[in-house]
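Chemist: 3D, please:
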Amino acid sequence: MKSQEHIHLHALLFEVRRELEQEGAVPPGAFDTYDEQPVRPTHIHKGKEAHKSGIKLLLKGIRRSIQKHPPPENAPPT
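Modeler: I've put the predicted structure just below:
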């Protein structure tokens with residue numbers, strides 16, 4: 001994956017995090033490790049590895065949020 005693609009994926013996952021937070025589906029501490037690292041999707045001049053790290057930490061928080069608050073089984077598709 002190219003650096004630009006990592007930045008784009010980082011930004012998309014950051015938006016998923018915001019959506020989960022707006023729905024109240026984020027358990028306490030789910031994104032603490034992400035918040036402690038310095039790279040955000042807007043830091044376009046940071047290296048690919050820095051964005052890879054951010055992506056992994058966001059995925060970890062998203063996974064924790066989904067495991068803690070799975071969607072109802074009979075929920076209509078959005």
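Chemist: now residue 1: how far from residue 16?
Modeler: Residue 1 is 18 Å from residue 16, where distance means Cβ to Cβ, to the nearest Å. C-betas here are computed from N, CA, C, even on glycine.
Chemist: more crowded one of those two?
Modeler: Neighbour count, other Cβ atoms under 10 Å: between residue 1 and residue 16, residue 16 has more, with 15 against 11.
Chemist: go ahead and flag the most central residue of this structure.
Modeler: Nearest to the geometric centre of the chain sits residue 58, at 3.2 Å (Cα atoms, centre = their mean).
Chemist: that one and residue 10 touch, don't they?
Modeler: Yes - using Cβ atoms under 8 Å, residue 58 makes contact with residue 10 at a distance of 7.2 Å.
Chemist: between the two, what contacts are shared?
Modeler: Common contacts of residue 58 and residue 10, defined by Cβ atoms under 8 Å, 6 or more residues apart in numbering, are absent altogether.
Chemist: quick one, helices of this structure?
Modeler: Ranges of helices in the chain, per DSSP state H, are 3-23, 32-36, 48-68.
Chemist: can I get the CA coordinates of the second one in PDB?
Modeler: C-alpha atoms of helix 32-36 as PDB (Å, rounded to 0.1, in the frame of the first residue of the first chain):
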ATOM      1  CA  ASP A  32      -6.700   5.400  24.900                       C
ATOM      2  CA  THR A  33      -3.600   4.000  23.100                       C
ATOM      3  CA  TYR A  34      -4.600   5.700  19.900                       C
ATOM      4  CA  ASP A  35      -5.100   9.000  21.700                       C
ATOM      5  CA  GLU A  36      -1.600   8.700  23.300                       C
END
